[in-house]
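K.L.:
With the input below, show me the fold.
(one chain, ligands or ions: 1)
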Amino acid sequence: MVALGLSSTEEAKRDKSKISLPRPLSGTVVLLGAGGGIGAALLDQLCRNGHVKQVLALHPREVSTCDPKVVWLPLDLTAPASIASCGAALKERVAVVDTLICASGYLHGAHGGPEKSLAELLAADLVHVMSINATGPLQLLSACLPLLKRASAPRVCFLSAQVGSITDNRLGGWYGYRMSKAALNMGVKTAAIELERWRNEPSVVAVHPGTTLSALSRPFTKRRKLPPVSVAECAERLVSVLEHIGADDSGRFLNYQGADLPW
Ligand SMILES: NC(=O)c1ccc[n+]([C@@H]2O[C@H](COP(=O)([O-])OP(=O)(O)OC[C@H]3O[C@@H](n4cnc5c(N)ncnc54)[C@H](OP(=O)(O)O)[C@@H]3O)[C@@H](O)[C@H]2O)c1
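P.N.:
Residues are numbered from 1 along each chain as shown. Okay, the predicted model is just below:
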């Protein structure tokens, strides 16, 4: 993979001699969170990509688009039955999935925002955030395995978050979100190891999209020194990262420039 925007020292640290050419997203793409901020911008990119033949757009509510290659399927990540029926609907519609992108996510807790202290923890809220950010997406990956197994060099990308990094946690707070993204990251790493045994060169990665203006981030972007990027810019950067990943990159936690983040 080409590490986008890395310094030469950082690149040297990467211990990768292979520079691969970009491989456009193509064929059938499953997109979770297709009606969210970043998800909708990714959907727009996929619609404009002539190599992509079909997009299965998963979201709790109908995703409105006039592009005939987009098919909406309902999915509630908090409900195992909804994940199972979505998995069954995918298998009825397609034989192969070339790319699976998870752009769904949840941050705001019952207090109107993420928890600032242990005193604010609510068990039900922790279960809720865990099911949307970690267990639900991994259950959907599990349902998609037979379809990904039939693809040539399938790609799986979960949008994670840098605040899910245990090493990088210097500020504390945001218990549920941090814990759920750390759990997602462990799921990604473990799935990458499991899928390494496949012969079709799959790649499974976690990607931090960077601070992006969306419903999820809006309350927290005012005090930042650098303005957040637009969802359109974020989607462009994510597609570029995805186009550069291959089997050698499986199991990595990347930022939007394709550089490694600490777990
Ligand atoms: N924006 C940032 O700065 C930023 C930074 C780091 C990481 N991320 C990550 O990037 C991803 C996309 O974030 P975003 O900024 O686009 O947020 P967003 O606009 O809030 O989109 C999140 C999407 O997840 C969907 N979702 C929530 N609960 C769900 C459920 N139970 N079942 C299925 N889908 C559900 C939401 O559906 P509804 O439309 O129904 O709410 C929404 O479409 C998330 O994983 C987030 O953690 C974002």
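K.L.:
Single out the residue in the stretch 101-250 of the chain that lies closest to the ligand.
P.N.:
Gly105 (2.4 Å; Cβ to the nearest ligand atom). C-beta here means a position set from N, CA and C on the backbone, and glycine is covered the same way.
K.L.:
pretty sure that residue contacts Leu216?
P.N.:
Yes. A contact is recorded between Gly105 and Leu216 when judged using Cβ atoms under 8 Å, the distance being 6.4 Å.
K.L.:
The two: which is more packed in?
P.N.:
Legend: neighbour count by other Cβ atoms under 10 Å for Gly105 and Leu216, higher for Gly105 (27 against 17).
K.L.:
Now the more buried one: closest residue in space, sequence neighbours ignored.
P.N.:
If the residues on either side of it in the chain are set aside, Gly105 comes closest to Asn133, at 5.7 Å by Cβ to Cβ, 6 or more residues apart in numbering.
K.L.:
That neighbour belongs to a helix, doesn't it?
P.N.:
Yes. Under DSSP: H, G, I helix; E, B strand; the rest coil, Asn133 sits within a helix.
K.L.:
ok, now how distant is it from Pro227?
P.N.:
As defined by Cβ to Cβ, to the nearest Å, Asn133 lies at a distance of 25 Å from Pro227.
K.L.:
just Met179 next, same as before
P.N.:
28 Å.
K.L.:
Next: Cys66.
P.N.:
32 Å.
K.L.:
quick one: which of the two has more around it?
P.N.:
Each of Cys66 and Pro227 has its neighbours counted (other Cβ under 10 Å); Pro227 has more, 9 against 6.
K.L.:
Might one say that that one is in contact with Thr212?
P.N.:
No. Taking contact to mean Cβ under 8 Å, the distance of 10.5 Å between Pro227 and Thr212 leaves them out of contact.
K.L.:
Tell me how many other residues crowd the residue nearest to Gly136 when sequence neighbours are not counted.
P.N.:
With Cβ to Cβ, 6+ apart as the criterion, Gly136 has its nearest non-adjacent residue at 3.0 Å, and that residue is Leu77. Around Leu77 there are 26 other residues, counting by other Cβ under 10 Å.
K.L.:
let's have the chain start at 114 instead
P.N.:
Yes, from this point I'll number from 114; that puts the last item at Leu190.
K.L.:
so Leu190 sits in a strand?
P.N.:
No. Leu190 sits outside any strand when classified using three-state DSSP, being coil.
K.L.:
Okay, now the sheet partners of the top strand by length along the chain, with direction.
P.N.:
Of all the segments of type strand in the chain, defined by DSSP state E, the longest one is strand 165-172. Paired strands of strand 165-172, with direction, are strand 140-145 (parallel), strand 183-187 (parallel) (DSSP bridges).
K.L.:
Helix or strand next in line after the first one, which one?
P.N.:
Sequence-wise, the next helix or strand downstream of strand 140-145 (DSSP states H and E) is helix 150-161.
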